[in-house]
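1. Prediction below, plus the sequence it came from.
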Amino acid sequence: MSYFVLVTLHLLAAIFFVGTVFFEVVILESLREPLGRDTMRRVEVAIGKRARRVMPFVIIVLYTAGIGMAWQYRASLANPFASSFGTLLSLKILLALSVLAHFITAITLGPRGKLRSRHFKMIHISVFIHVVLIVFLAKAMFHVTW
């Protein structure tokens, strides 16, 4: 598959994923107090149910395209501290793996009824911080050198 197709798929999936996280953290969290605990819990359950149907496909596209793109830079990844690009890309990959771990945690706890409102909130804030850093690193890799 061409690098252009990989970048396009990765970017579209990232927009979908980051947009969803942004909505949940910035918009949805502001509704917690006005809606009240019971209503907010129902909203979280409904969003979680929908997310478990849609997000696995988004995640598969996002990570598969990301792996395909990273393959193009395997020489830099073989010795990540040899260049600023390799270091920043490695850090970006580590953050992406952490996001994947958060996602897996959320989708496994949710259906078992163990994803409480507090966990929902903390996971989303953590993922939000991760994705903001990932977006920054995606740009910094090509513009920051040392």
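-> Great, that's in hand. This is a predicted model, so every value here is computed, not measured.

2. Can you tell me how far Ser2 is from Ala65?
-> Plainly put, Ser2 is 11 Å away from Ala65 if you go by C-beta to C-beta, to the nearest Å. Any C-beta I mention is one placed from the backbone N, CA and C, and that applies to glycine too.

3. The two: who's more crowded?
-> Neighbour comparison, Ser2 and Ala65: the larger count goes to Ala65, with 21 against 8 (by other C-beta atoms under 10 Å).

4. secondary structure element for that one?
-> According to DSSP states H and E, Ala65 maps onto helix 37-71.

5. Can you tell me what sits against the following helix or strand past that helix?
-> Note on helix 37-71: by DSSP H and E, the next helix or strand toward the C-terminus is helix 74-78. Contacts to helix 74-78, defined as C-beta atoms under 8 Å, 6 or more residues apart in numbering, come from residues Ala70, Ala82, Ser83, Phe85, Gly86, Leu89, Ser90, Ile93.

6. The second one - nearest residue in space that isn't next to it in sequence?
-> Spelled out, that is Ala82. Ser76 (7.6 Å; C-beta to C-beta, 6 or more residues apart in numbering).

7. sorry, back to before: who does the helix holding Ala65 touch, helix- and strand-wise?
-> Counting contacts by 3 or more C-beta pairs under 8 Å, 6 or more residues apart in numbering; DSSP states H and E, helix 37-71 is packed against helix 3-22, helix 84-109, helix 117-143.

8. With mean pLDDT and distance to Leu28 added, can I get the ones you listed in JSON lines?
-> What follows is those, written out as JSON lines (pLDDT from 0 to 100; distance: least, C-beta to C-beta, whole Å):
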{"stretch": "helix 3-22", "mean pLDDT": "95", "distance to Leu28": "10"}
{"stretch": "helix 84-109", "mean pLDDT": "93", "distance to Leu28": "14"}
{"stretch": "helix 117-143", "mean pLDDT": "92", "distance to Leu28": "8"}
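
9. Put together CSV for the ones you listed, with mean neighbour count and distance to Val54 on each row.
-> As requested, these are exported to CSV (neighbours: other C-beta atoms under 10 Å; distance: least, C-beta to C-beta, whole Å):
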stretch, mean neighbour count, distance to Val54
helix 3-22, 16, 8
helix 84-109, 17, 11
helix 117-143, 16, 16
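
10. out of these, which comes closest to Leu35?
-> helix 117-143 (11.6 Å; C-beta to C-beta).
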